[in-house]
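>>> With the input below, show me the fold.
(one chain, ligands or ions: 2)
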Amino acid sequence: MIVVLKPNLEPAEVEKVIAEVVKLGYEPRPIHGNVQTVIAAIGDENTHQSLETLASWPQVEHVHRVQKRYKLVSREVKKGADKDTIVKVHGQEIGAGKKFCFMAGPCSVESEEQLLATAKAVKAQGATFLRGGAYKPRTSPYEFQGLAKEGLRLLAQAAKEYDLGIVTEVLSERDVELVAAYSDILQIGARNAQNFSLITEAARSGKTILLKRGMSMKIEEWLLAAEYVLAHGNPNVLLCERGIRTFETYTRNTLDLGAVAAIKKESHLPVIIDPSQGCGRADMVLELCKAAVALNADGLLIEVHPNPAEAWSDGQQQVDFNLYAKLVAELKPFVTAVGRPL
Ligand code: PEP
Ligand code: MN
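Residues are numbered from 1 along each chain as shown. Ligands and ions are numbered 1, 2, ... in the order given. Alright, predicted model coming up:
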(Lines give C-alpha, C1' and ligand atoms only; values in the text may rest on other atoms or scores of the structure.)
(Ligands and ions follow the chains in the order given, each with its own letter.)
Protein backbone atom coordinates (compact mmCIF):
# COMPACT_ATOMS: atom_id res chain seq x y z
CA MET A 1 0.00 0.00 0.00
CA ILE A 2 1.08 3.56 -0.59
CA VAL A 3 0.00 6.10 1.98
CA VAL A 4 0.30 9.71 0.81
CA LEU A 5 0.31 12.21 3.67
CA LYS A 6 -0.99 15.76 3.62
CA PRO A 7 1.56 18.57 2.93
CA ASN A 8 3.54 20.31 5.66
CA LEU A 9 2.80 17.95 8.55
CA GLU A 10 4.70 18.20 11.80
CA PRO A 11 7.15 15.28 12.18
CA ALA A 12 5.18 14.06 15.22
CA GLU A 13 2.05 13.69 13.07
CA VAL A 14 3.98 11.72 10.46
CA GLU A 15 5.26 9.44 13.22
CA LYS A 16 1.70 8.70 14.39
CA VAL A 17 0.81 7.39 10.94
CA ILE A 18 4.00 5.37 10.71
CA ALA A 19 3.24 3.81 14.10
CA GLU A 20 -0.23 2.79 12.90
CA VAL A 21 1.22 1.24 9.73
CA VAL A 22 3.49 -0.89 11.96
CA LYS A 23 0.57 -1.76 14.25
CA LEU A 24 -1.39 -3.04 11.26
CA GLY A 25 1.44 -5.42 10.34
CA TYR A 26 3.20 -3.57 7.53
CA GLU A 27 6.80 -2.46 7.29
CA PRO A 28 6.86 1.29 6.67
CA ARG A 29 9.34 2.87 4.27
CA PRO A 30 8.75 6.62 4.50
CA ILE A 31 9.92 8.86 1.67
CA HIS A 32 10.23 12.42 2.89
CA GLY A 33 9.72 15.02 0.18
CA ASN A 34 10.16 18.78 0.62
CA VAL A 35 6.45 19.26 1.22
CA GLN A 36 4.89 15.84 1.63
CA THR A 37 5.76 12.43 3.00
CA VAL A 38 4.76 9.22 1.23
CA ILE A 39 4.86 5.93 3.16
CA ALA A 40 5.39 2.75 1.16
CA ALA A 41 3.88 0.06 3.39
CA ILE A 42 5.38 -3.36 2.66
CA GLY A 43 3.19 -6.39 3.36
CA ASP A 44 0.65 -8.71 1.79
CA GLU A 45 -2.46 -6.62 1.23
CA ASN A 46 -4.60 -9.70 0.80
CA THR A 47 -3.75 -11.23 4.16
CA HIS A 48 -3.10 -8.17 6.33
CA GLN A 49 -5.80 -5.85 7.48
CA SER A 50 -6.23 -3.18 4.86
CA LEU A 51 -4.60 0.18 5.38
CA GLU A 52 -7.44 1.79 3.43
CA THR A 53 -9.04 2.91 6.71
CA LEU A 54 -6.10 5.27 7.13
CA ALA A 55 -7.75 7.45 4.48
CA SER A 56 -10.05 8.71 7.23
CA TRP A 57 -7.11 10.03 9.29
CA PRO A 58 -6.67 13.83 9.19
CA GLN A 59 -2.96 13.43 8.31
CA VAL A 60 -3.67 11.27 5.23
CA GLU A 61 -4.43 12.46 1.71
CA HIS A 62 -4.77 9.13 -0.17
CA VAL A 63 -4.17 5.42 0.29
CA HIS A 64 -3.47 3.34 -2.83
CA ARG A 65 -3.52 -0.43 -3.17
CA VAL A 66 -0.60 -1.93 -5.02
CA GLN A 67 -1.72 -5.57 -5.21
CA LYS A 68 -4.76 -6.76 -7.15
CA ARG A 69 -7.72 -7.93 -5.13
CA TYR A 70 -8.02 -11.17 -7.05
CA LYS A 71 -5.38 -13.87 -6.95
CA LEU A 72 -6.49 -17.28 -8.17
CA VAL A 73 -8.10 -16.00 -11.39
CA SER A 74 -5.10 -13.83 -12.15
CA ARG A 75 -2.49 -14.64 -14.77
CA GLU A 76 0.15 -14.13 -12.09
CA VAL A 77 -0.65 -17.47 -10.45
CA LYS A 78 -0.07 -19.38 -13.68
CA LYS A 79 3.33 -19.34 -15.26
CA GLY A 80 5.02 -21.49 -17.88
CA ALA A 81 3.46 -23.92 -20.27
CA ASP A 82 -0.01 -24.21 -18.73
CA LYS A 83 -0.57 -20.49 -18.54
CA ASP A 84 -4.16 -20.68 -19.78
CA THR A 85 -6.74 -22.80 -18.02
CA ILE A 86 -8.26 -25.58 -20.07
CA VAL A 87 -11.69 -26.55 -18.78
CA LYS A 88 -12.47 -30.19 -19.50
CA VAL A 89 -16.16 -30.86 -19.65
CA HIS A 90 -18.34 -33.38 -21.49
CA GLY A 91 -15.28 -34.74 -23.28
CA GLN A 92 -14.39 -31.28 -24.59
CA GLU A 93 -11.45 -29.03 -23.82
CA ILE A 94 -12.29 -25.33 -23.63
CA GLY A 95 -9.61 -22.62 -23.57
CA ALA A 96 -5.92 -22.15 -24.44
CA GLY A 97 -6.36 -22.19 -28.21
CA LYS A 98 -8.19 -25.53 -28.15
CA LYS A 99 -11.13 -26.29 -30.43
CA PHE A 100 -13.49 -23.33 -30.69
CA CYS A 101 -16.60 -24.20 -28.69
CA PHE A 102 -20.15 -23.66 -29.93
CA MET A 103 -22.86 -23.68 -27.28
CA ALA A 104 -26.24 -23.16 -28.88
CA GLY A 105 -29.92 -23.63 -28.24
CA PRO A 106 -33.06 -21.78 -27.30
CA CYS A 107 -33.33 -19.06 -24.71
CA SER A 108 -35.94 -21.17 -22.87
CA VAL A 109 -36.78 -24.83 -23.05
CA GLU A 110 -40.41 -24.76 -24.25
CA SER A 111 -41.34 -28.26 -25.44
CA GLU A 112 -39.92 -31.61 -26.47
CA GLU A 113 -40.52 -30.81 -30.13
CA GLN A 114 -38.80 -27.42 -29.92
CA LEU A 115 -35.80 -28.71 -28.01
CA LEU A 116 -35.20 -31.88 -30.01
CA ALA A 117 -35.43 -30.00 -33.31
CA THR A 118 -32.99 -27.37 -32.05
CA ALA A 119 -30.56 -29.92 -30.64
CA LYS A 120 -30.56 -31.72 -33.99
CA ALA A 121 -30.01 -28.50 -35.96
CA VAL A 122 -27.15 -27.20 -33.81
CA LYS A 123 -25.47 -30.60 -33.59
CA ALA A 124 -25.52 -30.80 -37.39
CA GLN A 125 -23.54 -27.54 -37.42
CA GLY A 126 -20.91 -28.80 -34.98
CA ALA A 127 -22.18 -27.48 -31.64
CA THR A 128 -20.90 -29.46 -28.67
CA PHE A 129 -23.18 -27.99 -25.98
CA LEU A 130 -26.92 -27.45 -25.94
CA ARG A 131 -28.05 -24.34 -24.08
CA GLY A 132 -31.57 -23.72 -22.83
CA GLY A 133 -33.10 -22.24 -19.71
CA ALA A 134 -35.36 -24.37 -17.52
CA TYR A 135 -35.36 -21.69 -14.84
CA LYS A 136 -35.69 -18.25 -16.39
CA PRO A 137 -34.87 -14.95 -14.70
CA ARG A 138 -37.67 -12.75 -16.09
CA THR A 139 -38.06 -9.07 -15.39
CA SER A 140 -41.81 -9.45 -15.00
CA PRO A 141 -43.42 -12.08 -12.77
CA TYR A 142 -46.16 -12.47 -15.43
CA GLU A 143 -43.73 -13.69 -18.11
CA PHE A 144 -42.84 -17.33 -18.76
CA GLN A 145 -40.67 -18.52 -15.88
CA GLY A 146 -39.41 -21.77 -17.43
CA LEU A 147 -40.51 -25.40 -17.26
CA ALA A 148 -38.30 -26.07 -14.21
CA LYS A 149 -37.71 -29.80 -13.61
CA GLU A 150 -39.57 -30.80 -16.78
CA GLY A 151 -37.24 -28.48 -18.71
CA LEU A 152 -34.22 -30.19 -17.17
CA ARG A 153 -35.63 -33.58 -18.14
CA LEU A 154 -36.10 -32.41 -21.73
CA LEU A 155 -32.55 -31.05 -21.83
CA ALA A 156 -31.22 -34.41 -20.64
CA GLN A 157 -33.29 -36.24 -23.27
CA ALA A 158 -32.18 -34.00 -26.14
CA ALA A 159 -28.55 -33.97 -25.02
CA LYS A 160 -28.50 -37.75 -24.81
CA GLU A 161 -30.11 -38.20 -28.20
CA TYR A 162 -27.64 -35.88 -29.94
CA ASP A 163 -24.59 -36.37 -27.69
CA LEU A 164 -24.38 -32.78 -26.54
CA GLY A 165 -23.28 -31.32 -23.21
CA ILE A 166 -25.83 -29.19 -21.33
CA VAL A 167 -25.48 -25.55 -20.26
CA THR A 168 -28.38 -24.30 -18.19
CA GLU A 169 -29.00 -21.56 -15.68
CA VAL A 170 -29.38 -22.10 -11.97
CA LEU A 171 -31.35 -19.28 -10.39
CA SER A 172 -31.38 -20.26 -6.76
CA GLU A 173 -29.22 -22.00 -4.18
CA ARG A 174 -32.20 -24.23 -3.51
CA ASP A 175 -31.99 -25.70 -7.06
CA VAL A 176 -28.23 -26.21 -7.34
CA GLU A 177 -28.32 -29.93 -6.53
CA LEU A 178 -31.14 -30.66 -8.97
CA VAL A 179 -29.77 -28.55 -11.84
CA ALA A 180 -26.28 -30.01 -11.29
CA ALA A 181 -27.70 -33.54 -11.50
CA TYR A 182 -29.01 -32.82 -15.01
CA SER A 183 -26.32 -30.60 -16.51
CA ASP A 184 -22.64 -30.31 -17.39
CA ILE A 185 -22.27 -26.55 -17.04
CA LEU A 186 -24.13 -24.41 -14.52
CA GLN A 187 -24.88 -20.95 -15.87
CA ILE A 188 -24.89 -18.14 -13.34
CA GLY A 189 -26.89 -15.41 -15.05
CA ALA A 190 -26.20 -11.71 -15.29
CA ARG A 191 -28.78 -10.96 -12.62
CA ASN A 192 -27.08 -13.30 -10.17
CA ALA A 193 -23.49 -12.59 -11.07
CA GLN A 194 -22.83 -11.12 -7.62
CA ASN A 195 -25.08 -13.46 -5.66
CA PHE A 196 -22.16 -14.85 -3.70
CA SER A 197 -24.11 -17.46 -1.76
CA LEU A 198 -25.49 -18.89 -5.03
CA ILE A 199 -22.05 -18.75 -6.67
CA THR A 200 -20.50 -20.52 -3.68
CA GLU A 201 -23.14 -23.25 -3.66
CA ALA A 202 -22.78 -23.73 -7.42
CA ALA A 203 -18.98 -23.87 -7.05
CA ARG A 204 -19.31 -26.61 -4.42
CA SER A 205 -21.29 -28.79 -6.83
CA GLY A 206 -18.00 -29.33 -8.67
CA LYS A 207 -19.66 -28.62 -12.03
CA THR A 208 -18.14 -26.21 -14.53
CA ILE A 209 -19.51 -22.72 -13.92
CA LEU A 210 -20.34 -20.36 -16.78
CA LEU A 211 -20.30 -17.01 -15.05
CA LYS A 212 -22.05 -14.27 -16.97
CA ARG A 213 -20.99 -10.70 -16.42
CA GLY A 214 -23.58 -8.68 -14.53
CA MET A 215 -25.06 -5.87 -16.57
CA SER A 216 -23.41 -3.19 -14.45
CA MET A 217 -20.39 -5.09 -13.23
CA LYS A 218 -16.89 -3.73 -13.55
CA ILE A 219 -14.21 -6.09 -14.88
CA GLU A 220 -12.63 -6.27 -11.43
CA GLU A 221 -15.97 -7.21 -9.85
CA TRP A 222 -16.55 -9.91 -12.46
CA LEU A 223 -13.10 -11.38 -11.79
CA LEU A 224 -13.75 -11.26 -8.05
CA ALA A 225 -17.03 -13.15 -8.55
CA ALA A 226 -15.05 -15.81 -10.44
CA GLU A 227 -12.50 -15.76 -7.61
CA TYR A 228 -15.28 -17.02 -5.31
CA VAL A 229 -15.59 -20.18 -7.42
CA LEU A 230 -11.85 -20.86 -7.41
CA ALA A 231 -11.55 -19.97 -3.74
CA HIS A 232 -14.12 -22.71 -3.05
CA GLY A 233 -11.92 -25.27 -4.74
CA ASN A 234 -13.54 -25.34 -8.18
CA PRO A 235 -11.09 -24.32 -10.94
CA ASN A 236 -13.56 -24.85 -13.79
CA VAL A 237 -14.90 -21.43 -14.66
CA LEU A 238 -15.87 -19.99 -18.02
CA LEU A 239 -16.27 -16.22 -18.03
CA CYS A 240 -19.12 -15.13 -20.28
CA GLU A 241 -19.37 -11.57 -21.62
CA ARG A 242 -23.01 -10.85 -22.46
CA GLY A 243 -23.14 -7.09 -22.73
CA ILE A 244 -23.51 -4.33 -20.22
CA ARG A 245 -26.12 -1.65 -19.84
CA THR A 246 -25.16 1.69 -21.34
CA PHE A 247 -26.97 4.79 -22.62
CA GLU A 248 -27.34 3.10 -26.03
CA THR A 249 -30.82 1.85 -26.89
CA TYR A 250 -30.27 0.65 -30.47
CA THR A 251 -29.08 -2.63 -28.98
CA ARG A 252 -30.49 -4.36 -25.88
CA ASN A 253 -27.05 -4.28 -24.24
CA THR A 254 -23.62 -3.09 -25.32
CA LEU A 255 -21.42 -6.12 -25.93
CA ASP A 256 -18.20 -5.04 -24.25
CA LEU A 257 -15.51 -6.43 -26.51
CA GLY A 258 -12.88 -4.34 -24.75
CA ALA A 259 -13.63 -6.27 -21.58
CA VAL A 260 -12.86 -9.51 -23.38
CA ALA A 261 -9.43 -8.17 -24.35
CA ALA A 262 -8.94 -7.03 -20.75
CA ILE A 263 -9.96 -10.40 -19.30
CA LYS A 264 -7.58 -12.20 -21.66
CA LYS A 265 -4.78 -9.97 -20.34
CA GLU A 266 -5.70 -10.31 -16.67
CA SER A 267 -6.91 -13.88 -16.35
CA HIS A 268 -6.05 -17.41 -17.46
CA LEU A 269 -9.72 -18.44 -17.53
CA PRO A 270 -11.48 -19.23 -20.82
CA VAL A 271 -13.87 -16.61 -22.19
CA ILE A 272 -17.18 -17.30 -23.90
CA ILE A 273 -19.12 -14.57 -25.68
CA ASP A 274 -22.92 -14.42 -25.72
CA PRO A 275 -23.78 -12.16 -28.66
CA SER A 276 -27.52 -12.88 -28.31
CA GLN A 277 -28.07 -11.14 -24.96
CA GLY A 278 -25.16 -8.92 -26.03
CA CYS A 279 -27.09 -7.10 -28.73
CA GLY A 280 -30.64 -8.41 -28.45
CA ARG A 281 -31.10 -8.55 -32.23
CA ALA A 282 -30.88 -11.62 -34.46
CA ASP A 283 -29.65 -9.46 -37.36
CA MET A 284 -26.44 -8.51 -35.53
CA VAL A 285 -25.46 -11.84 -33.98
CA LEU A 286 -23.32 -13.02 -36.90
CA GLU A 287 -21.15 -9.89 -36.98
CA LEU A 288 -20.54 -10.06 -33.25
CA CYS A 289 -19.59 -13.73 -33.52
CA LYS A 290 -16.86 -12.75 -35.98
CA ALA A 291 -15.57 -10.18 -33.50
CA ALA A 292 -15.60 -12.82 -30.75
CA VAL A 293 -13.41 -15.13 -32.80
CA ALA A 294 -11.03 -12.30 -33.69
CA LEU A 295 -10.65 -11.49 -29.99
CA ASN A 296 -9.52 -15.05 -29.34
CA ALA A 297 -12.60 -15.91 -27.30
CA ASP A 298 -12.81 -19.63 -26.57
CA GLY A 299 -16.41 -20.12 -27.58
CA LEU A 300 -19.84 -18.70 -28.23
CA LEU A 301 -23.17 -19.07 -26.48
CA ILE A 302 -25.84 -18.44 -29.11
CA GLU A 303 -29.62 -18.47 -28.87
CA VAL A 304 -31.22 -20.59 -31.61
CA HIS A 305 -34.93 -21.30 -32.01
CA PRO A 306 -36.96 -23.20 -34.63
CA ASN A 307 -39.34 -20.27 -34.96
CA PRO A 308 -38.08 -17.16 -33.14
CA ALA A 309 -41.30 -15.25 -33.86
CA GLU A 310 -43.13 -17.69 -31.59
CA ALA A 311 -40.50 -17.99 -28.87
CA TRP A 312 -41.68 -17.72 -25.27
CA SER A 313 -38.71 -15.51 -24.37
CA ASP A 314 -36.15 -13.37 -26.22
CA GLY A 315 -37.69 -14.01 -29.67
CA GLN A 316 -36.13 -10.89 -31.19
CA GLN A 317 -32.58 -12.10 -30.61
CA GLN A 318 -32.82 -15.81 -31.40
CA VAL A 319 -31.56 -16.96 -34.79
CA ASP A 320 -33.47 -19.59 -36.76
CA PHE A 321 -31.88 -22.75 -38.13
CA ASN A 322 -31.07 -21.23 -41.53
CA LEU A 323 -29.39 -18.22 -40.04
CA TYR A 324 -27.51 -20.43 -37.58
CA ALA A 325 -26.18 -22.59 -40.42
CA LYS A 326 -25.13 -19.48 -42.36
CA LEU A 327 -23.51 -18.06 -39.25
CA VAL A 328 -21.41 -21.16 -38.60
CA ALA A 329 -20.41 -21.42 -42.28
CA GLU A 330 -19.32 -17.76 -42.38
CA LEU A 331 -17.49 -18.10 -39.11
CA LYS A 332 -15.36 -21.10 -40.06
CA PRO A 333 -12.70 -19.17 -42.03
CA PHE A 334 -12.40 -16.74 -39.10
CA VAL A 335 -11.82 -19.59 -36.67
CA THR A 336 -9.22 -21.10 -39.00
CA ALA A 337 -7.58 -17.69 -39.43
CA VAL A 338 -6.93 -17.40 -35.68
CA GLY A 339 -5.33 -20.81 -35.79
CA ARG A 340 -7.93 -22.78 -33.87
CA PRO A 341 -9.27 -26.18 -34.70
CA LEU A 342 -13.01 -26.40 -35.29
C1 PEP B 1 -29.95 -16.25 -21.05
O2 PEP B 1 -28.85 -16.77 -21.34
O3 PEP B 1 -31.04 -16.56 -21.60
C4 PEP B 1 -29.99 -15.20 -20.00
C5 PEP B 1 -31.06 -14.95 -19.30
O6 PEP B 1 -28.81 -14.58 -19.90
P7 PEP B 1 -28.33 -13.31 -19.00
O8 PEP B 1 -28.25 -13.79 -17.59
O9 PEP B 1 -27.00 -12.98 -19.60
O10 PEP B 1 -29.35 -12.22 -19.21
MN1 MN C 1 -32.22 -15.28 -23.32
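
>>> Longest helix in the protein, please.
Secondary structure of the chain per DSSP state H: the longest helix is helix 321-337.

>>> which residues sit against it?
Contacts to helix 321-337, defined as Cβ atoms under 8 Å, 6 or more residues apart in numbering, come from residues 100, 102, 104, 117-118, 121-122, 124-126, 282, 285-286, 289-290, 293-294, 302, 304, 306, 319, 342. Using the backbone N, CA and C atoms, a C-beta is placed for each residue, glycine as well.

>>> of all the residues in the stretch 201-342 of the chain, which ones are close to ligand 2?
Asp314 (Cβ under 5 Å from the ion).

>>> burial measure for the residue of the chain found nearest ligand 1, as a count.
Closest approach between the chain and ligand 1, counting by Cβ to the nearest ligand atom: Gly189, at 2.9 Å. Counted by other Cβ atoms under 10 Å, the residues lying close to Gly189 total 22.

>>> Next, the contact list for it, please.
Taking Cβ under 8 Å, 6+ apart, we find Gly189 in contact with Pro137, Glu169, Leu171, Lys212.

>>> could those be laid out in JSON lines, adding distance to Ser267?
Below are these laid out as JSON lines (distance: Cβ to Cβ, whole Å):
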{"residue": "Pro137", "distance to Ser267": "25"}
{"residue": "Glu169", "distance to Ser267": "22"}
{"residue": "Leu171", "distance to Ser267": "25"}
{"residue": "Lys212", "distance to Ser267": "15"}
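
>>> Narrow those residues to those in strands?
With strands taken from DSSP state E, the overlap with the contacts of Gly189 comprises Glu169, Lys212.

>>> Tabulate the contacts of Gly189 (TSV), appending neighbour count and pLDDT.
Below are the contacts of Gly189 laid out as TSV (neighbours: other Cβ atoms under 10 Å; pLDDT from 0 to 100):
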residue	neighbour count	pLDDT
Pro137	15	98
Glu169	26	98
Leu171	23	98
Lys212	26	99
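
>>> Centre-most residue in the chain?
Centroid-nearest residue in the chain, with Cα atoms, centre = their mean: Leu239, separated by 2.9 Å.

>>> Just the buried ones from the contacts of helix 321-337?
With burial judged by 16 or more other Cβ atoms under 10 Å, the buried subset of these is 100, 102, 104, 117-118, 121-122, 125, 282, 285-286, 289-290, 293, 302, 304, 306, 319.

>>> ok so, going back, specify the local secondary structure of the residue nearest to the centre of the chain.
Three-state call for Leu239 (DSSP: H, G, I helix; E, B strand; the rest coil): strand.

>>> ok, now Pro30?
Classification of Pro30 using three-state DSSP returns strand.

>>> which ones are touching it?
The contact partners of Pro30, taken as Cβ under 8 Å, 6+ apart, are Val14, Ile18, Thr37, Val38, Ile39, Ala40.

>>> domains of this structure?
Split into domains by automatic domain parsing, the chain comes to 2-64, 75-337.

>>> In the chain, which residue sits closest to ligand 2?
Of all residues in the chain, Cys107 sits closest to ligand 2, at 3.4 Å by Cβ to the ion.

>>> residues near that residue, how many?
Quick note: Cys107 (other Cβ under 10 Å) scores 24 neighbours.

>>> still on that earlier bit, out of the domains of the chain, which gets the lowest mean score?
Set side by side, the domains of the chain show their lowest mean pLDDT on domain 2-64, which sits at a mean of 94.
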